[in-house]
Structure formats: C-alpha cells, structure tokens
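Participant: Pasted the sequence and its predicted model underneath.
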Amino acid sequence: MNQLSSDLLRGTLDMLVLQVLSEGPSHGYAIGQRLGELTDGDLSVEQGSLYPALYRLEKASLLKSSWSRNPESNRRARVYRLTAAGKRRLNREVDGWMAFVHTISRVVPSK
Amino acid sequence: MDEEFAFHREHEQARLEREGWSPRDAHAEAERRFGDPLLTRELCHAAMLGPGCSLPGGDAMTWTQDLRSALRGYSKQPGLLAVLVLTAAVGIGATTAVFSVVSSVLLNPLPYPEPDRLVRLYSASTQMPGELSYLTGPDFRDYRDQVKAFAATGAFYDYRETGLDLTGLGPARRTRALAVSAGYFEVLGATPLHGRLLSPQEENGGEARFGSEVVILSHHLWQQLTGGDPEIVGQQLELDGISFTVIGILRPTFLDVLQGEVDLWIPLNLHPEGRWFHRQNFYLSAIARLAPEASVAQAQAQADSLMARIDAELEADRSDLSLEILPLFDDVVGSSPTSLGVLFGAAVLVLMIAAINIGNLLVARGLARSREMAVRSALGSGRIRLARQLLLESSIATALGGIIGGFTAYLGVKALLAVSPDSLARSEEVSFDPRLLLFGLAMIGVTTLLCGLAPALQAAGIDPAKALRGGSRGGGTSPARRRLRAGLVASQIALAAVLLVGTGVLLRSFAALHQVPLQFDPQGVLTFEINTPTARYPDGAQRDRFHRRFQDEIAGLPGVVATGAISKLPALGPYNYWGVTYVDDQGERQMTGGETRIISGDYFGALGIPLLRGRQFDDRDGPDQQPVVIINQEMAEQIWPGQDPLGKVLGAANAERTVIGVVADVPFDHLGSIRTKYYVSHRQFADDRNWALTQVVKTTDEPLQALGPIQAVLQGIDTQLVLHHPAAFESLLDRQRAAQQFVVLLMVVFAIVALTLAVVGIYGVLAYTVTQQRREIGLRVALGAQPNQVLGTIMRQGLLLATIGTAIGLPAAWASSQVLDALLFEVKAQDPWVFAAVGLVLAAVTLAAAMVPARQALEIEPMAALRED
C-alpha cells in the first residue's frame, strides 16, 4: 500500500478538489467518491475532512455552490462548481505541480 | 452545514448497504468514516472566516476568531459554562466581599485631615502593667498647655452610655451625647456647616455639670429635628431639662470614629473648681494632633519631663504613672486586623480552590478535545496560539464569574454588616469604593491564569501525530495527565483541610463562649434605661422617690416576678472601676479598686444572683442613715481572706461604708471575667451624682411584651421621661458575642463552599477515570471480577486522593493555625479534636463523592464496553 501522508495531502487536497470539479459540478459526497476512484483508495482521509477544503475554496471565490434537489431522495444537495478564477487557479496549480514533480523525479529515482 | 453532512452520510450508508453491510453496521461505519462532525463543523467555520484563520499569527482578526470559536464552544456546552462561571463567582465574590471590609477598616486612613499625626493619650501605671487608663483633668490640662509637640489636644468623656433627654422639639427622645473639650474638633480638623464650634471659654463651667449650656448638633440629628433648617443655630433646646443654645451644625462628612454615632456634642467642664477635677480621678479620654515635624518620641520625652516637674512641685510620688501615646489608627482599629486577616486568608483559600476546580474542568475538557487541538495544530495553528485560545476560554468564564461575584460581594457585604452591626470597628465607614473594582479585576486576572494555565500547558504539550493516531477518543489516558488532575484534586483537599481546621477551631471557641457560666439568669428579663433629669429631679430624695414608685407600680403588673435597677448591667463590659480603701490588720490604710454599681429595688432577685452572707439593702439604709455596701465574693476574699467581712468598713463611692452583705460573683464581661465589685444603694448615692439607671424587670413571658404596660406606668408618673433602649437582656448578651459571630459565620460559609468544591473535584476525577477505564473494567468483569472488587478499585483511588490531600493539608493547618490564637477563647488553635474531626470529615466526604462513579463502574456491561472503539 502506498498511502499518501497527511502532510503531503494537506498541500495538495485543494488542487485535487479543483481537478475533480473541472470535470463538472458535483456535490460533496460525489467529490469524495470520485477522489477515491481516481486514487484507487490511496487517499485514506476521513470523509468529513473534505468539507473544510470546500468551504475554504468557496471563501476564496474559486468555487460557487448552490442547493439542488436530488432526484433519488427528497433531500437537497449542495452542488459545487468551478468559477473562472477557479479554472485559472487549477491551471496554475497543475503547472506548478508538474514542474515540482519533474524536478523531484530528476533527483529521486522512480521505482 | 449539518444538512450537507447528513446527506453525505446517508449516501455512504446506502453505498455500504449495497456492498452487503447490515443497515445498523452501515450506519455506524458511515459515521466512523465521516469522522467527528463537531470538529468538521468547527474547521469549516474556520475555513469560511478567511485565509488567515489556520495560520499562526497574532493580528486582531485571529483574536476575534478565537473569541468566536470559544463562544461557539461554550454554546454547545452551556452546563459547563454555568458551572465554570458559578465557581469563579464564588471565589471572586468571597475575596472581594472580604476585601471591601478590609479596605475600609484597615487600608483607609481615618477620615480626618493628616490622619498620621493623630494620637490617643492614656495613662499607664507600672502597678497595672498592660492596662491603660484615662487621664485626670489636671494632667490633661498640663499636657495640653505645656507639651509643645502637640499642636492641639482634645478631651472627651468616653462612657458610651452618656445620654441626654431631649425635650421641646417633638416627642421626648434620648440622644447620644459626647462631652468634649474645645480642642476636640481642632484635633480632628472638623469645621462647622453652620454656626461655630466650641471656644476655650466654654469649657469653664465652675462647679456646673457642663462647661456651658451650648450644644453642637450632628448633621443627622439636625436633619431629623428640623429637616435641615439653619435657623436653629442660636435657638434653645432642652437637654435633661436644662436649656442649651445651639451654636453649630457639623458637616455630614464628619464621622466620630471614637464613639460611633454621636447625636450631639456639649462642652466638658474643665474648670479647676469642677468637682471631678483632681489628680486622683482618671476619667478623661484624650486625643492629640502632633505638631508638624514633631514625633511621638519627642512628645513622650516632653510629657515625661513635665510630669516629673509637676510631681516635684506637688511633692507627690506618682512615679508609677506615665503618659502612653498610641497612634489613633491603631487605637480605633484595635483587634480587627487579626480577624479580618483570618477572613481574608480564608477567602483566598476559597478562591484558590475555586480556581483549581475551574482548571480541573478545563483540563478534562482539554482531554476530550485533544484530537481537535491536534488537528488544529496539524493544520498550522501554533502551540502558543492554542494555549492562547484556551486562556481565552477560561477568561470568558472567569470574567463572567467576576462580574457576578463582584456584584454579589457588594450585596453580601451589606447583608453581613446588617447581621452584626456592632462587631467591627469603623463598620459605619464600610462602603463601595473604586479600589474594589480594581481588586475584582486583579482577582479575575489571577484566577484566569491559575485556571487556564494547566490546560494550556497541557495543550501545548500535545503531540499532534500521537493524538491523531489515537483513535476517535484521543490520547487522553496518559498517566501524566491523570496525575495532573489527581494532583489538582489532592491540593484542593489540602486547602479545604486548612480551611476546615480554622473553621472548626473557631466554632469550638464560639461554642465555649456561649457556655460561659453567667452566674445569673437573663431569661425573661426586660431591660431599659431611665434618666431622671437634674433640672426636674434636683435632689437625691426626688430621684429615689421616682424609682421606688416606678418599681412598685411595675411589680404590680401581671407577669412581673421581680424588678430592680442598676447603673450598669453585668457581662456587658467594665464600667466605673473606682479606687476603694480599707484598713488592714496592721491598722494601715490600703488602696485597691473595684467595679462600682449603684442598685435599687430587688436587683439581685430579678437576676437571680444569690446573697451568700448578710442581708440586702432595705428601709434601714436611708440617705441619712449609716452608709452601707454589699461586696462580691471576689472582693471579700481579696481584702479579708479567711475573715468575716460583715461589719468591716470600706471606703468607697465617697463614704466610709459598712459591709452588710456578700453576693455571688457575676462576670463583668462576656468572657466570664470576674473582678472585685461593690454595690451601693441608690438611696445612699442619688444625692451624690445623678446617674441614669438601667431597669431590670423579670417576667414570666416574652420580656418585650411587658413593654406596653410599663410605658403606660411611666406616662402615668412623668410624661416627659424617656424609656430608652428597651431590649431583652438575652439579646444584649448575643450582641456582645456578635464580633465572634461575624467571623464564625463567614468561616462556616467559606468552609462549606470549599468542601463542596472539593467534593465536585473528587467526583469529577473519579467519574472521568471510570469513563476512561470502561474497557479495562469491562474486561475485568468479563474475567470474573466481583462487584465489590470493582467498587473497591474506584473507592481506593478516591481515598488515595483524600489521604494525600489530608496528609499535606493537616500539617499545613497545624503550621498556620497559630494566627487564630488571638481570636480564640478557651480553645487552643492546635486542637487535636478538631484535627481528628477534619480528617474524618474529609474521608467521609471523599467516600460519598466516590460512591456515584463507583456505582457507574458497576453498571458497565462487559460486552458493550469491549465492543466500543
């Protein structure tokens, strides 16, 4: 198993959330599920810890949220979507990340 | 937000159920995977507040965030906040209340200009070491005129009972009068509101009773009599039937600290021809104001050389006499510092116990939140910031507690002073003062630090990685932290032990005081004072006729058993200790002293004082007959040991008097002290001086019920006489003990509070231990531990705490109890019974406090406990 440490995760969770939402609007639970799928369960965090990140990103105007009725149940779901600023930030973060990974991988040999 | 989280968990539960989990397990698993919802919500709030939130820093923004976060935390636990606030209020309220009295009595200077220069003058005699007496008139005059170190010197006639009947303005009333010399107001720096004060010519009344017929009114009497009419200056008042001219009104700010509530001041007669003005009559109280630059030592040296010169001129040997100069402040405050010091110490102990309790609760809360703290720390909150947050939380509780406590303290002081008005020197000056606010604030600060420090330090020591790994309940069970809490509780018990010992000793002393054998029976006795003004009762025969007629008519009232009168009731303090002479076996005239009492009617019968030998006064002892005297047993044994005192002659109260009887000793003060005492019949004294007599009426009922009929009898004889200060004798005796009562009452309150807080502390720690050890206890029960073994484990932990606390507290109490000695009567501060009792009480209370958590431990179901986590 190759669990990502929480320290490393802390810096990158924002980017991952933005990445998931770039695929389309989604509610919190679905974002968590999608993150799990994309990482094959390598990200083992408590599911609740996703929400502070969502609120923080919304506060920074990178996300927008709205309530929509879920057809499956009669509960309302809070749906998040990327703003224009969010898209720009995601692009910048991905560029920075790729540069970072590129630099690190030249030093640390991949297995 | 909650809706969003619920939505999340429902979806997770549904997904798990699709994977084959049972609905119940799926529900639990969904909650587990989500994590702590409270914490998540907290973090979301923090996230919404802005980007600076989870970063270390000290700007105003983060302060308000911390404050909001603390308030939010409390809003979820209102019960906890209430307990914290109440505990803080008790501690701060107790200390502030006592401090308000301390500051008024001990810290405030006397309410006169340049109070440091005020001194009190006494005569001291090497023949009576340790006893101070008043000054004689000539001595006072010489000190006043010739000691240059005194800028001003004043005398007053210091018998508290001095009163004058005021007639002519409304109904007749008895007023409290103080006869003073002209220098009295000058010494105290008083100035009149209207009119003028006394001039030196007005203290020269020749042979008259007063220096001159002028009077100065207190502000309150002036208000009561005239509603504040300045025109009264220059008008006449009737005092004891004599016409006096009002010459001045004092300011409302003038407080007579030497005598308390004085209604009016009249001039002393210091004329050399006045009948009491000679060097054998020590009757004047004196005060002086030191000249600028002069010291007490200079005044003392000048007074000593002056006396030596005068003695040489008089060719008298008075070398045993000297002037004693005391700072007026010390003289007024008297023994109050000790009792106030003890009370203040007790209040501080209560505050410490309260602070420890708050700290303990916050530590417990900190343990429950160690995971939250760890996450915050992991998210970048600095440790200082976390400690700050915790201090902020405790300061909210202590600030609220301080406000409530300060307010209740203010009301409490008023209530306490109402309980015992006579018990404290200067109690009339106790009032709210701004220093109290400062003191209250300081107390809040100290309490906050004391309370918040332990949890803050502990939070700063949390290792985030460990705490996060430690499961949802957090790493709260480390032995170090349990020891911290146990240590706090043990120190609480130790402090409570000190307080309990002090209270116990004072209670025993108080009980001893109530068991003082009075040697007379005050039950059912009504007392009141009647003064026969000289103007209308000019000679002894008329005064005697009045008293005999009055007593005869009272004796005929239903329910009255016996009636009499005396110049000063027993057990209420010394009064008129005069010199007496007798001729010893060698034919030498010897001098000693005795308490002088003038009696009339059946005084001994009314109080049940047995006559041991001889007879009582009767019709044979008229004013023109052979002067006689009745002495007490103490005097008989002291002057004529082993002899029959009947028929012997005693020079007492201005006559050679034949002893006709011996009565049993009765104490002259509330401590049961016996002094030589002699009784003179009013009929054989009334011509000499016109003293007001206190009537004693023994009734079969509630004594105050007899008052109405007696009032009617008095009206029938003389409508202008005043029935002054009516009271049941027993209530007068209670008031004597009030000084002790004030201290004891407060100490008992403090001790109960301390004990309650300590019990809460023990309970809290043990209840928490049981919660923490659920699994362990469950396992032991599963492995076959018997209920009493489980019970025993918890009880043992409680007893261990109590033992450690008591082992520290009792020696500390032993060491500190000496300060109580000055307050104690017939009990030693280090009373072994009290120490044993306190040990037992603490053990019993601990066991009681441990019972509840121990029973909870018994109810743990092993399987349920093991399944948790």
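Facilitator: Yep, it's here. Numbering: from 1, shown residues only, chains lettered A, B, ... in the order given.

Participant: all strands of chain A, in order?
Facilitator: Here chain A has its strands, by DSSP state E, at A:26-27, A:63-69, A:76-82.

Participant: of those strands, which approaches chain B most closely?
Facilitator: Distance to chain B, taken as Cβ to the nearest Cβ, is lowest for strand A:76-82 among those, at 4.9 Å. Using the backbone N, CA and C atoms, a C-beta is placed for each residue, glycine as well.

Participant: If you count contacts, what does the closest one end up packed against?
Facilitator: Counting contacts by 3 or more Cβ pairs under 8 Å, 6 or more residues apart in numbering or on different chains; DSSP states H and E, strand A:76-82 packs against helix A:6-21, strand A:26-27, helix A:28-38, strand A:63-69, helix B:2-18.

Participant: Contacts for the longest one next, please.
Facilitator: What it means is helix B:2-18. Residues from elsewhere that reach helix B:2-18 (Cβ atoms under 8 Å, 6 or more residues apart in numbering or on different chains): A:27-29, A:32-33, A:47-48, A:51, A:70, A:73, A:75-78, B:23, B:25-27, B:29-31, B:33-34, B:37, B:40-41.

Participant: rewinding a little: looking at the helices and strands packed on strand A:76-82, which is closest to B:Ser509?
Facilitator: Among the helices and strands packed on strand A:76-82, helix B:2-18 comes nearest to B:Ser509, with 61.8 Å by Cβ to Cβ.

Participant: which other helices and strands contact whichever helix or strand comes after that closest one?
Facilitator: Later in the chain than helix B:2-18, the nearest helix or strand by DSSP states H and E is helix B:23-34. Other helices and strands packing on helix B:23-34, by 3+ Cβ pairs under 8 Å, 6+ apart, are helix B:2-18.

Participant: quick one, the helix it packs on and helix B:23-34 angle?
Facilitator: 130 degrees (axes from the mean of the first three to the mean of the last three Cα atoms, to 10 degrees).

Participant: What mean pLDDT does helix B:2-18 get?
Facilitator: The average pLDDT within helix B:2-18 is 83.

Participant: try stretch B:712-728
Facilitator: Averaged over stretch B:712-728, pLDDT sits at 90.

Participant: For that stretch, buried residues please.
Facilitator: Buried residues in stretch B:712-728, counting neighbours by 16 or more other Cβ atoms under 10 Å in any protein chain shown, are found at B:Val713, B:Leu714, B:Asp718, B:Leu721, B:Val722, B:Leu723, B:His724, B:Pro726, B:Ala727, B:Ala728.

Participant: Equivalent analysis for stretch B:794-814, please.
Facilitator: For stretch B:794-814, by 16+ other Cβ under 10 Å, it's B:794-795, B:797-799, B:801-806, B:808-810, B:813.

Participant: repeat for stretch B:115-129
Facilitator: Buried residues in stretch B:115-129 (16+ other Cβ under 10 Å): B:Pro115, B:Arg117, B:Leu118, B:Val119, B:Arg120, B:Leu121, B:Tyr122, B:Ser123, B:Ala124.

Participant: Chain neighbours aside, what residue packs nearest to the second one?
Facilitator: This points to B:Arg117. B:Leu290 (4.3 Å; Cβ to Cβ, 6 or more residues apart in numbering or on different chains).

Participant: Let me see the contact set for the one you found.
Facilitator: Neighbour list for B:Leu290: B:Arg117, B:Leu118, B:Val119, B:Ala149, B:Phe150, B:Ala151, B:Val296, B:Ala299 [criterion: Cβ under 8 Å, 6+ apart].

Participant: ranges for the strands of the stretch 451-600 of chain B?
Facilitator: Per DSSP state E, counting those that start in this stretch, the stretch 451-600 of chain B carries strands over the ranges B:525-530, B:560-566, B:577-583, B:589-601.

Participant: quick one: the second one to strand B:589-601, angle?
Facilitator: Note on geometry: by the same axes, to 10 degrees, strand B:560-566 and strand B:589-601 are set 140 degrees apart in direction.

Participant: who does strand B:560-566 touch, helix- and strand-wise?
Facilitator: With 3+ Cβ pairs under 8 Å, 6+ apart as the test, strand B:560-566 has helix B:540-555, strand B:589-601, helix B:603-607, strand B:693-699 packed against it.

Participant: buried stuff in the following helix or strand past the shortest one?
Facilitator: Spelled out, that is helix B:603-607. Beyond helix B:603-607 on the C-terminal side, the first helix or strand identified by DSSP H and E is strand B:611-614. Neighbour counts using 16+ other Cβ under 10 Å place B:Arg613, B:Gly614 of strand B:611-614 among the buried residues.

Participant: Columns secondary structure on top of the buried residues of stretch B:712-728, output as CSV?
Facilitator: Below are the buried residues of stretch B:712-728 laid out as CSV (DSSP: H, G, I helix; E, B strand; the rest coil):
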residue, secondary structure
B:Val713, helix
B:Leu714, helix
B:Asp718, coil
B:Leu721, coil
B:Val722, coil
B:Leu723, strand
B:His724, strand
B:Pro726, strand
B:Ala727, strand
B:Ala728, strand
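
Participant: Of all pairs in those, which one is the farthest apart?
Facilitator: Distances among the buried residues of stretch B:712-728 were taken as Cβ to Cβ; the most separated pair is B:Asp718 and B:Ala728, at 24.7 Å.

Participant: now the most centrally placed residue in chain B: how far from B:Leu340?
Facilitator: Nearest to the geometric centre of chain B sits B:Phe742, at 4.1 Å (Cα atoms, centre = their mean). Relative to B:Leu340, B:Phe742 is positioned 10 Å away (Cβ to Cβ, to the nearest Å).

Participant: try B:Tyr768
Facilitator: Using Cβ to Cβ, which is the criterion applied here, B:Tyr768 is 39 Å from B:Leu340.

Participant: contacting residues around the closest residue to B:Gly341 other than its chain neighbours?
Facilitator: Leaving aside its sequence neighbours, B:Gly341 sits nearest to B:Val819 (Cβ to Cβ, 6+ apart; 6.8 Å). Applying Cβ under 8 Å, 6+ apart, one finds that B:Val819 lies in contact with B:Thr338, B:Gly341, B:Val342, B:Gly345, B:Ala829.
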